[in-house]
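**Q** just coords:
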């Protein structure tokens, strides 16, 4: 999985479809592909499916085998039949025969994960999805889901950044840096970090971050992203509709920081 992929949250609307910025969104996805992005992450929840439609339009002229397309089933659709229906709906909107990664978007305590994973197993066997993944899961939740899966859970997508090492903004994940990252590393699971600059917080002045940025001649965003992907089994999916920022984000994974700078940044934001 590439160190930096493209997130699509807020493309095509928030929780409801919004077509007013379709041209901008399509241009952004196409620009990302032209720059070399190969991992595109979306969800049926984004714009009530419209983000998937935009991704489907944007990737039409790109070789399918060169892409990693990931989408997610909403936490309200985790019953067995609902998962199957949701997956087929996503494929239709994406105009694809299969997706590379299919996530459970978030845990639902009211729906047993056994039935959800049974549906995931069926989708794998039918070739509609290539890999099963989860999002916003704790370690115990991953273990439970894996116990019902016929294939390996390949990723857990969580909110993770320098400033959300200890707890994310939703209360889904705690101690990601000290607990979830080591667990994923030990078990061969990719940790896919969303909101790598924590909704712009890490673009604000910070003595340590600015010192490191000056040392390497990089932007704050690049330092924040590089800190993430410097960790084994950690990749990230920043969203941007600005071509300059898309290029900046992609290039953030192309170099290495000194270990002492990685450590200093981590300590500064804990």
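**A** That came through, no problem. All values derive from a computational prediction rather than experimental measurement.
**Q** helix, strand or coil: sort out residue 69 for me.
**A** Here residue 69 is strand, with the state taken from DSSP: H, G, I helix; E, B strand; the rest coil.
**Q** number the residues from 33 up from this point.
**A** All right, first residue 33 from here; so that's residue 101.
**Q** for it, which residues are in contact?
**A** 72, 74, 87, 91, 126, 128, 131-133 (Cβ atoms under 8 Å, 6 or more residues apart in numbering). Glycine gets a C-beta too; all of them are placed from N, C-alpha and C.
**Q** try residue 68
**A** residue 282.
**Q** pLDDT at it, what is it?
**A** Looking at residue 68, its pLDDT stands at 97.
**Q** how close does it get to residue 263?
**A** Look at residue 68 and residue 263: by Cβ to Cβ, to the nearest Å, they are 22 Å apart.
**Q** and for residue 225?
**A** Relative to residue 263, and taking Cβ to Cβ, residue 225 is found at 9 Å.
**Q** which one's more surrounded, these two?
**A** More neighbours surround residue 225 than the other of residue 225 and residue 263, with 23 against 18 (other Cβ atoms under 10 Å).
**Q** burial of the residue lying closest to the more buried one once chain neighbours are set aside, as a residue count?
**A** Nearest residue to residue 225 in three dimensions, chain neighbours excluded: residue 192, at 3.9 Å (Cβ to Cβ, 6 or more residues apart in numbering). Applying other Cβ under 10 Å, we find 26 residues neighbouring residue 192.
**Q** tell me the backbone dihedrals of residue 192, please.
**A** Main-chain torsions, residue 192, degrees, to the nearest 10: phi -150, psi 130.
**Q** tell me where the stretch 83-232 of the chain has strands.
**A** Using DSSP state E, counting those that start in this stretch, the strands of the stretch 83-232 of the chain run over 100-105, 133-136, 164-167, 185-191, 222-226.
**Q** between those strands, which one is nearest to residue 297?
**A** strand 222-226 (14.5 Å; Cβ to Cβ).
**Q** can you list the residues that contact that closest one?
**A** Contacts for strand 222-226 (Cβ under 8 Å, 6+ apart): 33, 37, 39, 41, 73, 165, 167, 186-193, 208, 212-213, 216, 260, 263, 265-269.
**Q** pLDDT score assigned to residue 203?
**A** 87.
**Q** same check, this time on residue 218
**A** 98.
**Q** so how far is stretch 219-227 from its chain's centroid?
**A** Here stretch 219-227 shows a centroid-to-chain-centroid distance of 8 Å under the convention Cα atoms, centre = their mean, to the nearest Å.
**Q** same check on stretch 78-96?
**A** 16 Å.
**Q** ok, and what's touching it?
**A** For stretch 78-96, contacts defined as Cβ under 8 Å, 6+ apart pick out 40-51, 54, 57-58, 61-62, 65, 72, 74-76, 99, 101, 103, 121-122, 125-128.
**Q** let's go with 6 Å and repeat that
**A** The contact list for stretch 78-96, computed with Cβ atoms under 6 Å, 6 or more residues apart in numbering, reads 40-41, 43-45, 48-49, 57-58, 61-62, 65, 72, 74, 122, 125-127.
**Q** write the ChimeraX selection for whichever of those residues are buried.
**A** To isolate the buried members of the contacts of stretch 78-96 in ChimeraX, using 16 or more other Cβ atoms under 10 Å:
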select :40,41,43,44,45,57,58,61,62,65,72,74,122,125,126
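**Q** in strands only, show me the contacts of stretch 78-96.
**A** residue 72 (DSSP state E).
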